[in-house]
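**Q** here is a sequence with its predicted model. Questions after.
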Amino acid sequence: MSLFFTFTIFRSAIFRVGLPIVVVASLCLYCDNILAIVSPHSELMQISPYIMLPLVIFLSQPFNQGNSGLLAVVMLLGYYLIQNHLTFPLIAEVDKLSSWLIIIGLQLSLFVIHLLPERRLLSKSGVNFLLLLTLQLIIGFIAIKAISAAEIDLLWRTYLKPIEALSSSPYLLLMFSVLLTVTSFFVVVFRNDSSDHIVFTNLLFSTLCLYSFNTPVIPELCFSLAATFMLVHIMTSSHELAFVDQLTELPGRRALEIELKHLSGLYTIAMVDIDHFKHFNDNYGHRTGDEVLRLVSLLMSKVSGRAKIYRYGGEEFTIVIKGKNANQSMQYLNKIRSTIENYDMVIRNHQQRPIIEPNFRLKISKPVDQPTVNITVSIGVADSQNLLSTEEVIKAADKALYRAKSSGRNRVTNLRFA
Ligand SMILES: Nc1nc2c(ncn2[C@@H]2O[C@H](COP(=O)(O)OP(=O)(O)OP(=O)(O)O)[C@@H](O)[C@H]2O)c(=O)[nH]1
């Protein structure tokens, strides 16, 4: 499987919602076994959200993941309130009211983060959100002071009685939680913006926490797992920013440099360059040019083979094929060249629809009567046989690419056989 598809799978909505669902489902299925393992470490479990959530807040600032930072602030506050303002099992009237307010406040605040742009934690939108959170806290405290025990009891008996066989939490609150979590699920499936899946993950774990509020260690476990997902999200997003080209979603130049450091033995390097791309940009505009770059990346990735494809820079790509010499790689490279050449690109008005659909699906069939253009690429190839270093192989492939261009373009050139 090429690196391109590995990245695509990790970034897909299905993977992003699927992984936390699998974790939560496993927790539910093997609850007794998991509790038996973690219960002896309950003190450690209790403090772990206090360590992990501040770490998320701290890392979110330099890593530009403000929404993760805000999620962690909400979760930390929720966890603190659950640990310090509730007595389990929830029998006292004031505890019941507090738990309802905490859950409603926690989940609404988490959900609102779907609406925020990805900025730094201490940006204008971040600070506004934190002010809103403070306001919510004040309203909560006023409500607890203002509502009498008799009124809470009436509320409990009239609207909020739990279905004991299902959960000790009021079913109306559970429904509210599930509704927000399911809505968030669809936000990930249909939008899948940078932090959507992590909002969903937090909602999912907080719903599980509500569902099993009175089970010991469950709140600690849920908040720790949510923090773990956020830490992984911050790390993988930063890795992506550093190593994945944002336009084509292929690994970029830095990823290639690291790959080159580890290359040894027999391998082939091919430099791929789109022909007359400046002309294409001048004729159809830079935005269409960008889409062509994405299309070429996608077409190259679809041609099967165990090669790794990188965006070298501009309209140039690098293909690394391990375990094969240049001659053995020619068939694969020619297939890439011909696949690109034979793809009929429909140039649409950008106000209507782009060449490639936003979710990166290839448009295979072209509508009748639409004018099409075909682009071509030139490829220069060299292998590690008789060459001492990767720099030399790249230089030789570059030289071969220059020859491919000067010999008429739209060809694969291997200088050893030229
Ligand atoms: N749209 C778009 N254009 C880019 C990007 N990076 C580089 N380019 C353009 O790619 C073009 C490269 O042009 P040249 O190096 O002259 O090459 P060419 O026109 O492809 O000609 P040959 O390589 O000789 O076939 C320039 O016009 C750059 O502006 C990008 O990320 N997006």
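**A** In hand now; what should we look at?
**Q** and Leu172, how far from the ligand?
**A** To the ligand, Leu172 is 52 Å away according to C-beta to the nearest ligand atom, to the nearest Å. For the C-beta atoms, the positions are set from N, CA and C on the backbone; glycine is no exception.
**Q** domain-wise, how is the chain divided?
**A** Here the domain parsing of the chain from automatic domain parsing is 3-243, 253-417.
**Q** let's have those domains in CSV, adding mean neighbour count and mean pLDDT.
**A** Compiled in CSV, those are given as follows (neighbours: other C-beta atoms under 10 Å; pLDDT from 0 to 100):
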stretch, mean neighbour count, mean pLDDT
domain 3-243, 17, 87
domain 253-417, 17, 85
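**Q** is it true that Lys161 lies in a strand?
**A** No: using DSSP: H, G, I helix; E, B strand; the rest coil, the secondary structure at Lys161 is coil, not a strand.
**Q** in contact with the residue nearest to it when sequence neighbours are not counted: list those residues for me.
**A** For Lys161, ignoring the flanking residues on the chain, the nearest one in space by C-beta to C-beta, 6 or more residues apart in numbering is Pro170 at 6.7 Å. Applying C-beta atoms under 8 Å, 6 or more residues apart in numbering to Pro170 gives the contacts 100, 156, 159-162.
**Q** could you do Tyr171 as well?
**A** Tyr171 touches 161-163, counting by C-beta under 8 Å, 6+ apart.
**Q** please apply the same query to Arg416.
**A** Contacts of Arg416 by C-beta under 8 Å, 6+ apart are 326-327, 382.
**Q** dump the residues you listed to TSV, plus distance to Phe185.
**A** Shown next, in TSV, are the contacts of Arg416 (distance: C-beta to C-beta, whole Å):
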residue	distance to Phe185
Ala326	48
Asn327	51
Ala382	49
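**Q** what's the closest of the residues you listed to the ligand?
**A** The shortest approach to the ligand among these belongs to Ala382, at 18.4 Å (C-beta to the nearest ligand atom).
**Q** that closest one contacts Leu415, doesn't it?
**A** Yes: here Ala382 reaches Leu415: they are 7.0 Å apart, a contact under C-beta atoms under 8 Å.
**Q** residues in this structure within reach of the ligand, list them.
**A** Within the chain, the positions near the ligand by C-beta under 6 Å from any ligand atom are 247, 273-279, 281, 286, 289-290, 293, 314-315, 405, 409.
**Q** SS state for the closest residue to Lys405 other than its chain neighbours?
**A** Of all residues beyond its chain neighbours, the one nearest Lys405 is Ser378 (5.2 Å), with distances taken as C-beta to C-beta, 6+ apart. Judged by three-state DSSP, the three-state class of Ser378 is strand.
**Q** now Ser378: how far from Gly408?
**A** Distance from Ser378 to Gly408, counting by C-beta to C-beta, to the nearest Å: 9 Å.
**Q** so what sits against both of these two?
**A** Joint contacts of Ser378 and Gly408 (C-beta under 8 Å, 6+ apart) do not exist.
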